[in-house]
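> heads up, no residue letters with this:
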């Protein structure tokens, strides 16, 4: 009986530690950054032209958040041109508060919509046309990289996150 109690307690601790971070939290963004770097559509296809529109800084910034959790919960991905690839070099809390919308991006959607996009139920074109994904940044540039942009929107399905709002 004592062994059974220990097993149950250990299982409970394991399941708590295995819980996903909140979707669009700083921890989730760090995991999404790693997932970005494992996706050739993002690292290779965006290296051709997209990453070069960086205003001479050597990086582009993506801010994103869940609309229902509020703008104060934004996270950042920093994408840098390195070794001929577009690599995510940072994922976490906002480091660069000012965005240059000629090269940087701000995206937000309701939690439900992030899950739908992450599951591949629809891509970026439908998401933007129907107002499911709110988007600021160089729209023409985004239109030219729809394939990789669609891969980016699949990250919420690949990097699991729970539906609690991230801490502000």
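Done, it's in. All of these numbers come straight from a predicted model, not from anything done at the bench.

> so residue 81: helix, strand or coil?
strand (DSSP: H, G, I helix; E, B strand; the rest coil).

> check the burial of it by counting its neighbours.
Residue 81 has 18 neighbours, counted by other CB atoms under 10 Å. The C-beta positions use only the backbone N, C-alpha and C, and glycine is treated the same way.

> isn't it right up against residue 52?
Yes - counting by CB atoms under 8 Å, residue 81 touches residue 52, with 6.8 Å between them.

> other residues contacting stretch 150-157?
For stretch 150-157, the external contacting residues (CB atoms under 8 Å, 6 or more residues apart in numbering) are 23-24, 32, 35-36, 39, 41-42, 114-115, 117-120, 123-124, 127, 133.

> of those, grab the buried ones for ChimeraX.
Buried residues among the contacts of stretch 150-157 (16 or more other CB atoms under 10 Å), as a ChimeraX selection:
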select :23,24,32,35,36,39,41,42,114,115,117,118,123,124,127,133
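
> out of the contacts of stretch 150-157, which are inside strands?
When DSSP state E is applied, the contacts of stretch 150-157 are split such that none fall in strands.

> among the contacts of stretch 150-157, which are in helices?
Counting by DSSP state H, the contacts of stretch 150-157 place 32, 35-36, 41-42, 114-115, 117-118, 124, 127 in helices.

> show me where the chain has strands.
Secondary structure of the chain, counting by DSSP E: strands at 59-66, 75-82, 85-93, 105-109, 134-136.

> out of those strands, deepest packed?
strand 59-66 (a mean of 23; mean count of other CB atoms under 10 Å).

> which residues does that one contact?
So strand 59-66 is contacted by 23-24, 50-51, 53-54, 71, 73-81, 89, 94, 96, 99, 103-111, 114, 165-166 (CB under 8 Å, 6+ apart).

> could you do stretch 107-122 as well?
With contact meaning CB under 8 Å, 6+ apart, stretch 107-122 is reached by 23-24, 62-69, 71, 74, 123-124, 127, 132-137, 153-158, 163.
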